[in-house]
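*Asks:* Sharing a sequence plus its predicted fold:
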Amino acid sequence: MAEEAMFETDANKYGNDAQMEMVWALKAHHQAETYFKLISAMDASRLHLTKYDDDIYRQFKRYFKMLKVDLLKVEDLKSEEAKVKWRPFCNMYEGKVEDYNFGTLLRIDCNKDYNEENTILVTRIQFYAVEIARNRRGLNKHFLEKSTSTEDSHER
């Protein structure tokens, strides 16, 4: 079955299909890799992830004003209490943001790269909310500075 057809078929037909899990994992990894290349190549504060970035950021600040986005606590995203808070936020984007509830990799510590210890699986809209906040607050800027200084040292 082609990868595209797997995504278009009713998910309930698959159960815990290992092949399907692998396809999802590969898609999430590819998205994480692409995003990291973006924030390493441009000023992330000017990056637009969706056409709803302004609304996502405004609602995120409203719902999660005390959430520290630089260093996330897993329980702030995964605990039963957190899920109760996140659910209405996430559901606001159903039908608006494509794949809003797809599994997506998010860095726990924004000062570090994606790796097994620094990555958590969240919904796409949670990823957008946290990364839009990080970008607008300049918390991903160091990756561009790091890549620029690396390029400068290679040119010498």
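*Replies:* Happy to help now that I have it. Residues are numbered from 1 along each chain as shown.

*Asks:* Local confidence estimate at the closest residue to Arg107 other than its chain neighbours?
*Replies:* Nearest residue to Arg107, sequence neighbours excluded (CB to CB, 6 or more residues apart in numbering): Asn118, at 5.4 Å. For glycine as for every other residue, the C-beta is placed from the backbone atoms N, C-alpha and C. Asn118 is assigned 96 on the pLDDT scale.

*Asks:* likewise the one 4 residues further on?
*Replies:* Looking at Val122, its pLDDT stands at 96.

*Asks:* what comes up buried for the helix or strand containing Ile120?
*Replies:* Using DSSP states H and E, Ile120 sits within strand 119-123. Going by neighbour count (16 or more other CB atoms under 10 Å), the buried part of strand 119-123 is Thr119, Val122, Thr123.

*Asks:* Packing partners of whichever strand or helix holds Phe127?
*Replies:* Assessed by DSSP H and E, Phe127 sits inside helix 124-136. In this structure, helix 124-136 packs against helix 53-63, helix 80-91, strand 103-107, with contacts taken as 3 or more CB pairs under 8 Å, 6 or more residues apart in numbering; DSSP states H and E.

*Asks:* hmm, who's touching the last one?
*Replies:* This points to strand 103-107. 24, 28-29, 31-32, 72, 77, 113-114, 118-124, 126-127, 130-131 (CB atoms under 8 Å, 6 or more residues apart in numbering).

*Asks:* With stretch 116-132 instead?
*Replies:* 28, 32, 35, 49-50, 53, 56-57, 59-60, 64, 69, 72, 74, 77-78, 86, 89-90, 93, 97, 99-109, 112, 140.

*Asks:* With just CA atoms, put that stretch into PDB.
*Replies:* Provided in PDB are the C-alpha atoms of stretch 116-132 (Å, rounded to 0.1, in the frame of the first residue of the first chain):
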ATOM      1  CA  GLU A 116      16.100  10.900  21.900                       C
ATOM      2  CA  GLU A 117      16.500  12.500  25.400                       C
ATOM      3  CA  ASN A 118      15.300  16.000  24.300                       C
ATOM      4  CA  THR A 119      12.300  15.000  22.200                       C
ATOM      5  CA  ILE A 120       8.600  14.300  23.100                       C
ATOM      6  CA  LEU A 121       5.700  13.300  20.800                       C
ATOM      7  CA  VAL A 122       2.900  15.900  20.800                       C
ATOM      8  CA  THR A 123       0.100  16.900  18.500                       C
ATOM      9  CA  ARG A 124       1.000  19.200  15.600                       C
ATOM     10  CA  ILE A 125      -0.900  22.100  17.100                       C
ATOM     11  CA  GLN A 126       1.000  21.800  20.400                       C
ATOM     12  CA  PHE A 127       4.200  21.900  18.400                       C
ATOM     13  CA  TYR A 128       3.000  25.000  16.500                       C
ATOM     14  CA  ALA A 129       2.000  26.700  19.800                       C
ATOM     15  CA  VAL A 130       5.200  26.100  21.600                       C
ATOM     16  CA  GLU A 131       7.500  26.800  18.600                       C
ATOM     17  CA  ILE A 132       5.600  29.900  17.500                       C
END
